[in-house]
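[1] I'll drop the sequence and a predicted model, then ask my questions.
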Amino acid sequence: QKEVEQNSGPLSVPEGAIASLNCTYSDRGSQSFFWYRQYSGKSPELIMFIYSNGDKEDGRFTAQLNKASQYVSLLIRDSQPSDSATYLCAVDNNNDMRFGAGTRLTVKP
Amino acid sequence: GAGVSQSPRYKVAKRGQDVALRCDPISGHVSLFWYQQALGQGPEFLTYFQNEAQLDKSGLPSDRFFAERPEGSVSTLKIQRTQQEDSAVYLCASSLGGGQIHEQFFGPGTRLTVL
């Protein structure tokens, strides 16, 4: 079992819809959780992080964390074609950060 | 500069050749990380520095891989006697260090191709 699991996709949603990206992790000692966006041929770009159970909203993005279920998600509201990218979930335990393989999202105009 | 920089951006090496990849972190960032990213995969941890101290090198795949950060700023990842399986993008990231949240900011990466 991988330490950080993501559905590889591709996930395809129409423009304006909500995209839901999911991630599970195995290390119960994990303290903080990150979502990165990676465009093809580019390096990962931090979108947001969360460390407390519940929801955290930033513009069109909402991160959700459930430590009991070892589950993190990212919701993208009003999806735009420019959101098409691979989304990486990362889980950190005191500077030991592990990444999932990423979910490829396509937003169709 | 404002962000993490890496050089070279692209490197083609013949099998058996030694290569050196450079990372210049964000000014003032204490922590520096190296990752290897294969096509279609997430970044895989290689090694981590806090200032000049290499605190974790458990991800280095073999003793052909060596990293240093002698003055606690610029870091070099060296790969000796490169093999085809070393072909990947090598990403460097830095973070402020300290505190509870360790946001990492990535450089553009070095794409290594071993022929």
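    On my side now, so go ahead.
[2] can you point me to the longest strand in chain A?
    When chain A is parsed with DSSP state E, its longest strand is strand A:85-93.
[3] Check which element follows that one along the chain.
    Later in the chain than strand A:85-93, the nearest helix or strand by DSSP states H and E is strand A:96-99.
[4] any idea where the strands of the chain begin and end?
    Let's take chain A. Counting by DSSP E, chain A has strands at residues A:4-6, A:11-14, A:19-25, A:32-38, A:45-50, A:54-58, A:61-66, A:71-76, A:85-93, A:96-99, A:103-108.
[5] should've been chain B
    Shown for chain B, the strands assigned by DSSP E span residues B:5-7, B:10-13, B:19-24, B:31-37, B:44-50, B:53-56, B:65-68, B:75-79, B:88-95, B:105-106, B:110-114.
[6] about what we covered before: let me know which of the strands of chain A is the nearest to chain B.
    Each of the strands of chain A has some distance to chain B by C-beta to the nearest C-beta; the shortest is strand A:96-99, at 3.5 Å. C-beta here means a position set from N, CA and C on the backbone, and glycine is covered the same way.
[7] average model confidence for stretch B:40-52?
    For stretch B:40-52, mean pLDDT is 94.
[8] Just the CA trace of it, in CSV.
    Coordinates of the C-alpha atoms in stretch B:40-52 are reproduced here as CSV (Å, rounded to 0.1, in the frame of the first residue of the first chain):
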residue,chain,number,x,y,z
GLY,B,40,3.4,10.2,-14.5
GLN,B,41,4.4,9.9,-10.9
GLY,B,42,4.5,12.2,-8.0
PRO,B,43,7.8,13.6,-6.6
GLU,B,44,9.8,11.0,-4.6
PHE,B,45,11.8,12.2,-1.7
LEU,B,46,15.6,11.9,-2.0
THR,B,47,17.1,14.0,0.8
TYR,B,48,16.6,16.9,3.1
PHE,B,49,18.8,19.6,4.6
GLN,B,50,18.3,22.0,7.5
ASN,B,51,20.9,24.7,6.9
GLU,B,52,24.1,22.8,6.1
